[in-house]
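sequence and computational prediction follow.
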Amino acid sequence: MTEHSKITTDKARPIAEGGSLLERASGSFGLDALKPISPPRDLPAPAARAPQARSVATKVASNPTRSPAVPPATRASKVTFSGPRQAVDRDLLRENGIIDSSGGVTELLEEFRIVRRELLGDARENGSAEGRRILVCSPHPGEGKTYCATNLAIAMAAERGIEVLLIDADFAKPSIPGLLGISPGKGLMDCLADPSLAPESLVIATDIEGLFVLPAGNRTTRDTEYLGSARTRDVLDRLTADAPDRIVIFDTPPALAASPAAELAKHVGQSLLIVRADVTGQSALEDAYQLLSACPDIKLLLNGTHYSPSGRSFGSYAGYGSE
């Protein structure tokens, strides 16, 4: 296991004054060099197909013994969630330091609104289903990934016209239903293991407008194998097909403790890597960053710090127990 060490900011590296916590985290930890190189903008035009290839295609199409070409698949329509409806325990939210959307605007809600704005902006600019899937992870346990994933989901659900599906993908230690006070049932892992299960039928609709939850499901020792199968892409495509107003947030296990985060990184357009101030080690952060490198856009979220360009604190853990 990677040794923890305190991280000190490289004062020689310039950080934009007034930058967001995501920008400050990236600047402080110096991970810009780890990002994939952008492809060149001016690529040569593709070469014309060889005449011989066109000739072969013509012969195949005209051969009466062959089956006619299969027409392209019709565009998938938006899937409506059809699972049970459950009420969220507001007292439990406050006890665990989670945003209570019915309690008015708070400092914590304001901080997650800042994060929400950047993630939604990039999702809309990307325009793809993958861009609307966001993975929330941390290098090690106890750095606040579940806390941040849950608060981010509630803050996003408050955006007008947005549906948020919060998926508990921490299969060994599911905790989302416990934080919200809802009863877990069959979930993502059951759906991956049983192709006859429709994922939308397992999604729990909460009484927080716009917030839906897909539990982790029954535990298995084969979670990595199931996540690596073609079934995973089929399920996620079904949940996000033709749904430009739907955001999917995954709460995954710590990247250095289990493999699901690295597997799911192949299916998302954005990853939010939680950095716990004075806890997360530089080497652990770099290792986690590399494990999530299948995701094209990895952001760092500095959690538990007392600094903010606005003078406010971020991500207080008051009332929140161990993850």
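Cool, the structure landed. Residues are numbered from 1 along each chain as shown.

and the strands in the stretch 201-323 of the chain?
For the stretch 201-323 of the chain, the strands identified by DSSP state E, counting those that start in this stretch occupy 204-206, 211-214, 246-251, 270-276, 298-303, in order along the chain.

so for Ala284, which of these sits nearest?
With C-beta to C-beta as the measure, strand 270-276 is the member of the strands of the stretch 201-323 of the chain nearest Ala284 (9.8 Å). Yep, even glycine has a C-beta here, placed from its N, CA and C like the rest.

what angle separates the closest one from strand 246-251?
40 degrees (axes from the mean of the first three to the mean of the last three C-alpha atoms, to 10 degrees).

if we can go back for a sec, okay, the strands of the stretch 201-323 of the chain in CSV with distance to Ala172, mean neighbour count and mean pLDDT next?
Shown next, in CSV, are the strands of the stretch 201-323 of the chain (distance: least, C-beta to C-beta, whole Å; neighbours: other C-beta atoms under 10 Å; pLDDT from 0 to 100):
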stretch, distance to Ala172, mean neighbour count, mean pLDDT
strand 204-206, 20, 21, 97
strand 211-214, 17, 25, 98
strand 246-251, 12, 25, 97
strand 270-276, 18, 26, 94
strand 298-303, 22, 23, 92
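
what's around the residue nearest to Ser102 when sequence neighbours are not counted, how many residues?
Among residues not flanking Ser102 along the chain, Arg90 sits closest, at 6.4 Å (C-beta to C-beta, 6 or more residues apart in numbering). Using other C-beta atoms under 10 Å, the number of residues around Arg90 comes to 17.

residues contacting Arg90?
Counting by C-beta atoms under 8 Å, 6 or more residues apart in numbering, Arg90 touches 100, 102-103.

which of those count as buried?
With neighbours counted by 16 or more other C-beta atoms under 10 Å, the contacts of Arg90 contain buried members at Asp100.

and the least confident of the contacts of Arg90?
The member of the contacts of Arg90 with the lowest pLDDT is Gly103, and it reads 76.

look up how far Arg160 lies from Gly187.
With distances defined as C-beta to C-beta, to the nearest Å, the gap from Gly187 to Arg160 amounts to 28 Å.

these two - which one has more neighbours?
Looking at Gly187 and Arg160 with other C-beta under 10 Å, you find the greater number of neighbours at Gly187, namely 27 against 7.
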